[in-house]
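>>> Quick one, what's the 3D model for this:
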Amino acid sequence: QVQLVESGGGLAQAGGSLRLSCAASGRIFSNYAMAWFRQVPGKEREFVAAIHWTYGNTYYADSGRGRFTISRMNTNNTMYLQMSNLKPEDTAIYYCAAGIYSDNNYYRPALYAYWGQGTQVTVSS
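Numbers count the residues shown, from 1 in each chain. As a prediction, this is how the structure comes out:
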């Protein structure tokens, strides 16, 4: 069982930055992927970025590539999402997730068995 707790959300101005954290407790296996998704009311959960827990391979959605950086610190079981040059359309609830890594499915919510409660990010124009 894995528990995930996000933090770091809040209000930012367009062009600003925020860093989200996801603290994981429980057993994180070496073949896990961890990811960030986001969701706005009335829309499906959207992939943002993913990282292989052991090897550090990273994957990004086009919406965040070049602006967002995903990273992890294995020693304290924490994953991060550094978001820069924020845009109003980045406004959403951001969720972290963990699950068994799959090369071609890292962007699918169904891959991830564990989810955090979400943290709100609001970007004003």
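
>>> residues touching Ala49, list them.
For Ala49, the contact set (CB atoms under 8 Å, 6 or more residues apart in numbering) comprises Ala35, Trp36, Thr58, Tyr59, Tyr60, Ala61, Gly64, Phe68, Ile70, Leu81. For the C-beta atoms, the positions are set from N, CA and C on the backbone; glycine is no exception.

>>> Ignoring the adjacent residues along the chain, who's closest to it?
Ranked by CB to CB, 6 or more residues apart in numbering and with sequence neighbours excluded, the top spatial neighbour of Ala49 is Ile70, at 4.0 Å.

>>> Can you tell me the strand partners of the strand or helix carrying the one you found and which way each runs?
Assigned by DSSP states H and E, Ile70 belongs to strand 68-73. Looking at strand 68-73 with DSSP bridges, its partner strands are strand 78-83 (antiparallel).

>>> So which bits of the very next helix or strand once past the partner strand are buried?
For strand 78-83, the succeeding helix or strand toward the C-terminus, using DSSP H and E, is strand 92-100. For strand 92-100, the neighbour count (16 or more other CB atoms under 10 Å) marks Ala92, Ile93, Tyr94, Tyr95, Cys96, Ala97, Ala98, Gly99 as buried.
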